[in-house]
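In: Next comes the sequence, and after it the predicted model I'd like to discuss.
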Protein chains: 4
Amino acid sequence: MNRIGLAVIGAGYWGPNLVRNAQATPALRLEYLCDLDITRARKVLGGYSTVRASAALDEVLADENVHAVAIATPAGTHLKVAMAALEAGKHVLVEKPLAANLAEGRQLVEAAEARGLVLMLDHTYCYTPAVRELRKLVRGGGLGEIQYLDSVRINLGLVQPDVDVLWDLAPHDLSVFGAILPDDVKPVAVAAHGSDPIGAGRACVAHLTIRLTGGAMAHVHVNWLSPTKIRTMVIGGSGRTVVWDDLNPSQRLSIYDRGVDRCDPEELPAEKREQTIVSYRVGDMVAPALTEQEALRAVMAEFADSIVQGRRPLTDGRSGLRVLALLEAATQSLAQGGIFVNVEQGEGE
Amino acid sequence: MNRIGLAVIGAGYWGPNLVRNAQATPALRLEYLCDLDITRARKVLGGYSTVRASAALDEVLADENVHAVAIATPAGTHLKVAMAALEAGKHVLVEKPLAANLAEGRQLVEAAEARGLVLMLDHTYCYTPAVRELRKLVRGGGLGEIQYLDSVRINLGLVQPDVDVLWDLAPHDLSVFGAILPDDVKPVAVAAHGSDPIGAGRACVAHLTIRLTGGAMAHVHVNWLSPTKIRTMVIGGSGRTVVWDDLNPSQRLSIYDRGVDRCDPEELPAEKREQTIVSYRVGDMVAPALTEQEALRAVMAEFADSIVQGRRPLTDGRSGLRVLALLEAATQSLAQGGIFVNVEQGEGE
Amino acid sequence: MNRIGLAVIGAGYWGPNLVRNAQATPALRLEYLCDLDITRARKVLGGYSTVRASAALDEVLADENVHAVAIATPAGTHLKVAMAALEAGKHVLVEKPLAANLAEGRQLVEAAEARGLVLMLDHTYCYTPAVRELRKLVRGGGLGEIQYLDSVRINLGLVQPDVDVLWDLAPHDLSVFGAILPDDVKPVAVAAHGSDPIGAGRACVAHLTIRLTGGAMAHVHVNWLSPTKIRTMVIGGSGRTVVWDDLNPSQRLSIYDRGVDRCDPEELPAEKREQTIVSYRVGDMVAPALTEQEALRAVMAEFADSIVQGRRPLTDGRSGLRVLALLEAATQSLAQGGIFVNVEQGEGE
Amino acid sequence: MNRIGLAVIGAGYWGPNLVRNAQATPALRLEYLCDLDITRARKVLGGYSTVRASAALDEVLADENVHAVAIATPAGTHLKVAMAALEAGKHVLVEKPLAANLAEGRQLVEAAEARGLVLMLDHTYCYTPAVRELRKLVRGGGLGEIQYLDSVRINLGLVQPDVDVLWDLAPHDLSVFGAILPDDVKPVAVAAHGSDPIGAGRACVAHLTIRLTGGAMAHVHVNWLSPTKIRTMVIGGSGRTVVWDDLNPSQRLSIYDRGVDRCDPEELPAEKREQTIVSYRVGDMVAPALTEQEALRAVMAEFADSIVQGRRPLTDGRSGLRVLALLEAATQSLAQGGIFVNVEQGEGE
């Protein structure tokens, strides 16, 4: 098989990881690292690399040995960079979020679909062994009916100059929700509260509440100001409940056979009816064995595979639109004091 | 000194703890355990006790050896039971929440003040060594300006037959906020989201967002359905940030000299202005040594002390009103889809 | 059923726990708390108790309403106190260790057996839900062949005036080993190393290495000087391995389907023979649900049951002799610079 | 400054890490990756590297652009490979342990000293920010007098085909002891116990007890068969005690102001003399802020620096001899049933 020629665009925070993982992916051939600041690109490549550095995106896109690009530039530039790539006939892997807003995101999805090109989101967490297991478990019905989701993603983080904490961190949680929830459980409306206690000019602490079809509630807490780091997601089901602690490498997933069941009061003796409206299950906990694998390696493999097979990747452009729709509704809610704002539907079709 | 004669009213979940701690408090003399179900009261006392069981509250209140009562009956009965005690001239220690609603709570506060009797809330957590240390730290300015508070109180809990998870669990968090925050930081408005995924007829999972004077935000997450137990509060300050993990007995408080400071862009070189809007402190962490002491023992001592000294206890009736005002506003917000509802002021004067 | 009249002897550190749990055991009737220092006994009973305090052991033993005694006096007094009780025809529950040395322990066992009286050791840990589960698991073959045991019991502990850290703490580990190991896995020899870095006059830190029949090794680390508290036991088997962390109430037992298997080199391709001498299993982990129950409650119930049924308790006098035999061999090893000393056999028959 | 030409020898488990870190070290110029299996070397370099692969050590050593080598071959080959390098005038960085035995190690040290070449051990842990802080703390007197050391290094590890668990894992602990202990605290004698429950032909579980000058005891527990991973070292001092938990990135070092002090009995009231022979300090805990830095990067920098400055590196050949002297004594003890074996002195002069 011929290898897919790749250019990485953007040599900032995330670019070096794309470079390293692209080089380790047999189906890819890394041709360029492209950055407006060529010194930065050269520094990332280091003194021992045969990969070319370039400051000229058009030159890179004009190279017919480049079949695909991986874009790690700021979100505000995604429309321009990704559109240029698509128009040059290149497949595109793009950092989250897909674009600066839903309308721009839609332009990219339409452009990719019109040309039959792969447009894939680097929703990295969706490719971790933990989330792959969660996806099997939740979509496979292993938890029963979903009752609630709760995600906490807090640490002393980089206060971004262009986006608030919601746009910076919540795409991780929202893309995981999208990857693991069954097709008939969708976000209906979202309410957001945020605060900016350091005067950064944008929310540094935020809480998202999402109403899902079926009545369950999902909640996301993101925070740039926490001195401690927490990366935990709980998915409560009528059958079992799973806790994902991404900072506990020896036990990332814990599946509890615990929960609360509602009793049928008619089956209870009269004097107990008022008190005993529920019963409790307190069973074993199982922590499934997970392979250790760098998620970005799997992202690269999925990108290459979907190009070769001409199929949609797991996290295609539409998964990026679903995240944008949630973020836009959240931003609107934030501006309106936390009321519930409906989430635009039809993004996943 | 003559000891203060005490009767414990209510032999349910919490009553036995009051009985045990009252007996261990030298300034108190436990005279009765009173419960409508006298068999339950006798069972709590066991076969080796000289304390009397009684099913007749009026008989207990008529006994002039009883100077004070500790009430651990359901919240819906507090008005009736506590009012009867106050009218009989007894000092009152009452379980949280003070009453079933703010209006009833006010009646109790007025009745106690009119008669010069002590009305104290058993806000147990406020008497733990951890919260006493937090109070000193936060009110003493040790954290700098308060930026945010975040409290999580989740576990597989008893779904209560009469109150939702907010009224059951959040009083703990709200009373601690009240005890530790400086006098000039007060709740202004509250928004609440809740869900009832098991069909219990009341919210089993809930999130409270509280706007404080000065712009900081406090958040409370309470949940009866979590398979794992978490009891964590983070108080972020402009100087330091403290994490209280009540389930880590060897390190309940962790005080971090970490945080994010906003820079004055004028002081930065032009090319850095956009990026470097903040700077980071990553200093040491200190876990202060705390004595191990059962909080309820300190509750009893404070109750006895305030009776003897004729003074307001740390958690007086007005602290109970402040909690009720927040809970009522939260309930209103819940009913109105999560909008911010103003918190009635003047409860603490 | 008539209740068994009980006297607790010793109102020091552990006595109050015996008093509390005896009162909560329906089959027992607590008659006395006996201590040379009657003020201490009265203080333990408190101001609300109908139980009698006594300073006179002979008076207590002469009372025919007393059928059994629970002894919580220093180990050096066990022979005298327990022998007096046995000679008075009383059943005996005694704190660990059974006696100050093996010879004294044997006198007690012989005296009890000659009179047909129950002699039971309060090896409290053996009655925890965790150890009961471990016993089922290990003796039931659930781990396969036992490969190693490793127990760590360290914290800032009370430096005892009469015994070293081995005699103070290791009885817990040794009695658990005895309770969970299959009958054909016995201690053969023991080596001990200790140190006394604070000049207390006795070892404050010690390590025990025990050779078991079949070639497995058990190790115990006890330490009075550690600033942190650890209570962990690992039991490695050819099939599965279990970790017992007694300080993690939400996950005391973790059963790992992980391990190393030796391969038959003949089955491997020649070029792999040198490297691949073993293979690895990395399977799921299961944390079984355990009931929360105070172990001392179960101790009391077992004591009462074995009296009523005229049978040996789970931790009978001979289990106490097995612990003493190990401790004596360890002390001998310590005195001889850590050489292996054979453990006296025949104690368990 | 001209860069130091480097060749990495050995492309197995550790070699790739040397390659990566050498490339990131400005003072070094990586010329070769050398392995008998050139395919393996090429695979490690990947398809984008300008570094040469070679299967011929003599060719590499003959290249005058190569000034230094970093050796990551099996310990049994160190004498031959490192001696060849030294004889070719190259500086040498070598994986632990320095050589297969003490005699071979001495040959290397003598050869390097005779030629004025740097011989450095890759005792990686000594270059972590945690151990650097420990070194400052312990040698600087911050703990007071050292009372005990306890190191646990257990996990499901690779059963090595050529060495037992002591020679595989304990060099980490022993080299750290060497780096942090004051010059006047030296190992005097060592006793070792081991077992091979899986029939691997060598100890897979082992315990080392080391007597130090001054009477303190150090203990090391290494284990290839543990399903869980622990990397903890406790260093107890008369003043403070520090716990290093290498698997807790947010709190690797915890410095406790806790401990036990011996009282002068003459100063106590008579009735307390027997009981109160010690007093307890229970003060705060401080977790110092540590920078996150890959230790191997600092190893490379120290290697380059010591070459440029013509000085001994922190972990010079003699530090390697001290580890070998301990390992040899331990092996001897293991063969003799665990008796204490004196450690050869004079290795550190």
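Out: That came in fine, so what should we check first? Numbering: from 1, shown residues only, chains lettered A, B, ... in the order given.

In: Which parts of chain A are helices?
Out: Under the criterion DSSP state H, chain A contains helices at A:15-23, A:38-45, A:57-62, A:78-87, A:102-115, A:129-139, A:165-180, A:295-309, A:317-335.

In: So for chain B, which of these sits nearest?
Out: helix A:317-335 (9.3 Å; CB to the nearest CB). No exception for glycine: its C-beta is placed from N, CA and C like everyone else's.

In: Show me what counts as buried in that closest one.
Out: A:317-331, A:333-334 (16 or more other CB atoms under 10 Å in any protein chain shown).

In: same question, stretch A:234-246
Out: Neighbour-count burial for stretch A:234-246 [16+ other CB under 10 Å]: A:234, A:235, A:236, A:237, A:238, A:240, A:241, A:242, A:243, A:244, A:245, A:246.

In: of all those, which comes closest to chain C?
Out: Comparing the buried residues of stretch A:234-246 against chain C with CB to the nearest CB places residue A:243 closest, at 10.8 Å.

In: How much space separates residue A:215 from chain C?
Out: Residue A:215 sits 29 Å away from chain C, going by CB to the nearest CB, to the nearest Å.

In: Flag every residue of the stretch 201-349 of chain A that's near chain D.
Out: A:228, A:229, A:250 (CB under 8 Å from any CB of the partner chain).

In: Could you rerun that using 10 Å?
Out: Counting by CB under 10 Å from any CB of the partner chain, the positions of the stretch 201-349 of chain A adjacent to chain D are A:227, A:228, A:229, A:247, A:249, A:250, A:251.

In: of the residues you listed, closest to residue A:12?
Out: The nearest member of these to residue A:12, counting by CB to CB, is residue A:229 at 21.7 Å.

In: any idea what sits nearest the closest one, other than its immediate chain neighbours?
Out: residue A:155 (3.8 Å; CB to CB, 6 or more residues apart in numbering or on different chains).

In: Let's see which of the buried residues of stretch A:234-246 end up in strands.
Out: Secondary structure assignment by DSSP state E places A:234, A:235, A:236, A:237, A:241, A:242, A:243, A:244, A:245 of the buried residues of stretch A:234-246 in strands.

In: Max pairwise distance over those residues: which two?
Out: Longest span within those, CB to CB: A:237 and A:245, 17.5 Å.

In: what's the farthest-apart pair in the buried residues of stretch A:234-246?
Out: Spatial extent of the buried residues of stretch A:234-246 (CB to CB) is set by the pair A:238 and A:246 at 24.8 Å.

In: and of the residues of the stretch 201-349 of chain A next to chain D, the nearest to residue D:195?
Out: Nearest member of those to residue D:195, counting by CB to CB, is residue A:250, at 24.4 Å.

In: thinking again about what came up before, show me which of the buried residues of helix A:317-335 neighbour chain B.
Out: Filtered for proximity to chain B (CB under 10 Å from any CB), these shrink to residue A:333.

In: which parts of chain A sit against chain C?
Out: So far as CB under 10 Å from any CB goes, chain A lies against chain C at A:250-251, A:253-258, A:281-292.

In: rewinding a little: please convert the buried residues of stretch A:234-246 to JSON lines, extending it with pLDDT and distance to residue D:310.
Out: Below are the buried residues of stretch A:234-246 laid out as JSON lines (pLDDT from 0 to 100; distance: CB to CB, whole Å):
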{"residue": "A:234", "pLDDT": "96", "distance to residue D:310": "59"}
{"residue": "A:235", "pLDDT": "97", "distance to residue D:310": "61"}
{"residue": "A:236", "pLDDT": "95", "distance to residue D:310": "65"}
{"residue": "A:237", "pLDDT": "94", "distance to residue D:310": "67"}
{"residue": "A:238", "pLDDT": "92", "distance to residue D:310": "72"}
{"residue": "A:240", "pLDDT": "95", "distance to residue D:310": "65"}
{"residue": "A:241", "pLDDT": "95", "distance to residue D:310": "63"}
{"residue": "A:242", "pLDDT": "96", "distance to residue D:310": "59"}
{"residue": "A:243", "pLDDT": "96", "distance to residue D:310": "56"}
{"residue": "A:244", "pLDDT": "97", "distance to residue D:310": "53"}
{"residue": "A:245", "pLDDT": "96", "distance to residue D:310": "50"}
{"residue": "A:246", "pLDDT": "96", "distance to residue D:310": "47"}
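
In: what's the closest of these to residue C:137?
Out: Distance to residue C:137, by CB to CB, is smallest for residue A:240 among the buried residues of stretch A:234-246, at 22.9 Å.

In: pretty sure that closest one is touching residue A:143, no?
Out: Yes: between residue A:240 and residue A:143 there is a contact under CB atoms under 10 Å: 5.0 Å.

In: Quickly list what's touching both of the two.
Out: The contact sets of residue A:240 and residue A:143 overlap at A:137, A:255, A:256, A:259 (CB atoms under 10 Å, 6 or more residues apart in numbering or on different chains).

In: Now do the contacts for the residue nearest to residue A:210 when sequence neighbours are not counted.
Out: Leaving out its chain neighbours, the residue that sits closest to residue A:210 by CB to CB, 6+ apart is residue A:218, at 4.2 Å. Taking CB under 10 Å, 6+ apart, we find residue A:218 in contact with A:146, A:148-151, A:173-174, A:177, A:181, A:185, A:187, A:190, A:208-212, A:233, A:235, A:326, B:195.

In: how does it look with 7 Å?
Out: Residues in contact with residue A:218 (CB atoms under 7 Å, 6 or more residues apart in numbering or on different chains) are A:149, A:177, A:210, A:212.

In: Just the buried ones among these, please.
Out: Using 16+ other CB under 10 Å, the buried ones in these are A:149, A:177, A:210, A:212.

In: As JSON lines, those with pLDDT would be great.
Out: Below are those laid out as JSON lines (pLDDT from 0 to 100):
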{"residue": "A:149", "pLDDT": "97"}
{"residue": "A:177", "pLDDT": "98"}
{"residue": "A:210", "pLDDT": "98"}
{"residue": "A:212", "pLDDT": "96"}
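
In: with the residues you listed in mind, which one is nearest to chain C?
Out: residue A:149 (21.0 Å).

In: Mind listing the residues bridging to that closest one?
Out: Beta-bridge partners for residue A:149, by DSSP bridges, are residue A:218, residue A:235.

In: On the pLDDT front, check residue A:200 for me.
Out: pLDDT, residue A:200: 88.

In: can you tell me how far residue A:4 sits from residue D:40?
Out: 26 Å (CB to CB, to the nearest Å).

In: Enumerate the residues of the stretch 51-200 of chain A near chain B.
Out: Taking CB under 7 Å from any CB of the partner chain, the part of the stretch 51-200 of chain A that reaches chain B is made up of A:147, A:148, A:156, A:159, A:161, A:191, A:193, A:195, A:197, A:198, A:199, A:200.

In: of these, the lowest pLDDT goes to which?
Out: Per-residue pLDDT puts residue A:161 lowest of those, at 83.

In: How many residues are close by it?
Out: A count of neighbours around residue A:161, defined by other CB atoms under 10 Å in any protein chain shown, yields 15.

In: How is chain A partitioned into domains?
Out: What the record gives for chain A is the domain set A:4-123+A:295-314, A:126-293+A:325-342, from automatic domain parsing.

In: Let's have the ones you listed in CSV, adding distance to residue B:83.
Out: Below are those laid out as CSV (distance: least, CB to CB, whole Å):
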stretch, distance to residue B:83
domain A:4-123+A:295-314, 58
domain A:126-293+A:325-342, 24
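
In: measure stretch A:142-150 end to end?
Out: For stretch A:142-150, the first-to-last residue distance is 18 Å (CA to CA, to the nearest Å).

In: Which positions within it qualify as buried?
Out: By neighbour count on 16+ other CB under 10 Å, the buried set for stretch A:142-150 is A:143, A:145, A:146, A:147, A:148, A:149, A:150.
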